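**Q** Take this sequence and fold it.
(one chain, ligands or ions: 1)
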Amino acid sequence: IWRDRLSSNAAINYFPFLKREDILESAQYFMGVALLAAQRSRDPSTQVGACIVNEEKKIVGVGYNGMPNGCGDDTLPWRRSGDNPVETKYFYVCHAELNAIMNKNSADLKGCTIYVTLFPCNECSKLLIQAGIKNVIYLSDKYHDDEKTVASRWMLDLAGIPYHEFIQNEKRPAPSRCFRCRCFTSFHRNKCMETTKINNKYIIERREHSTYGR
Ligand SMILES: Nc1ccn([C@H]2C[C@H](O)[C@@H](COP(=O)(O)O)O2)c(=O)n1
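**A** Purely as a prediction, here's the structure:
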């Protein structure tokens, strides 16, 4: 019981190999990066972020929707509709996926996964397919029934690229704890490591103990 009451600072002295178990999952981290990137967008109605991750789970490209470089955020229109389509944003804005691909910091994107806050449109899916991206994880699908999205899904299906909605992991399972000492170090779930400090040195011994009685 007294170990339960130790502050985490004190606990690390008694259990030098103690590590945090309730860390951010990798998928949440990558979608989090995409959401953060989206906050850089100047689009007043829809901000989109994309994060491309390679097979080693390394981030290799991040982007958000914005006007092309050098074209000026204050010059081109941000509105959605107008008498003339030339006066709307749609002819100009670079999508998050395009920017994430163009910002890539690796030789190619073959086998990568893209985490994107909005389902890719048909133009973006063409880019993703041609870039060799193998998996799409999206957050919002608010244009699900638009013709562009229907065409997008068709192409992704034909190219054999799976797409999955990102599911927020709201209720995480409690991290496993040692039954006896209640520490969070999963590898000794039933094997408690007793640590004693003798002559300023930590002596660590493993003690088997039963799983009953917490
Ligand atoms: N997969 C997508 C889809 C759209 N975008 C960008 C393009 C526009 O800036 C904005 C959509 O604007 P709305 O029609 O909702 O006013 O989102 C993107 O980057 N990636």
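
**Q** Next, count neighbours for Ser140.
**A** 14 (other C-beta atoms under 10 Å). Glycine gets a C-beta too; all of them are placed from N, C-alpha and C.

**Q** Can you name the residues that contact the residue most central in space within the chain?
**A** Nearest residue to the geometric centre of the chain (C-alpha atoms, centre = their mean): Phe30, 1.7 Å. By C-beta atoms under 8 Å, 6 or more residues apart in numbering, the contact set of Phe30 is Cys51, Val53, Ile59, Thr113, Tyr115, Ile137.

**Q** at 7 Å what do you get?
**A** Cys51, Val53, Tyr115 (C-beta atoms under 7 Å, 6 or more residues apart in numbering).

**Q** wait, is Tyr115 part of a strand?
**A** Yes. Assessed by DSSP: H, G, I helix; E, B strand; the rest coil, Tyr115 belongs to a strand.

**Q** you'd agree it is up against Ala34?
**A** Yes. With contacts counted by C-beta atoms under 7 Å, Tyr115 reaches Ala34, the gap being 4.7 Å.

**Q** can you list residues touching both of these two?
**A** Ala50, Cys51.

**Q** so who does Arg40 touch?
**A** Tyr64.

**Q** secondary structure element for it?
**A** Using DSSP states H and E, Arg40 sits in no helix or strand.

**Q** re the thing from before, with distance to Phe17, pLDDT and neighbour count as added columns, please give the contacts of Phe30 in CSV.
**A** Shown next, in CSV, are the contacts of Phe30 (distance: C-beta to C-beta, whole Å; pLDDT from 0 to 100; neighbours: other C-beta atoms under 10 Å):
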residue, distance to Phe17, pLDDT, neighbour count
Cys51, 32, 98, 26
Val53, 29, 98, 24
Tyr115, 32, 98, 28
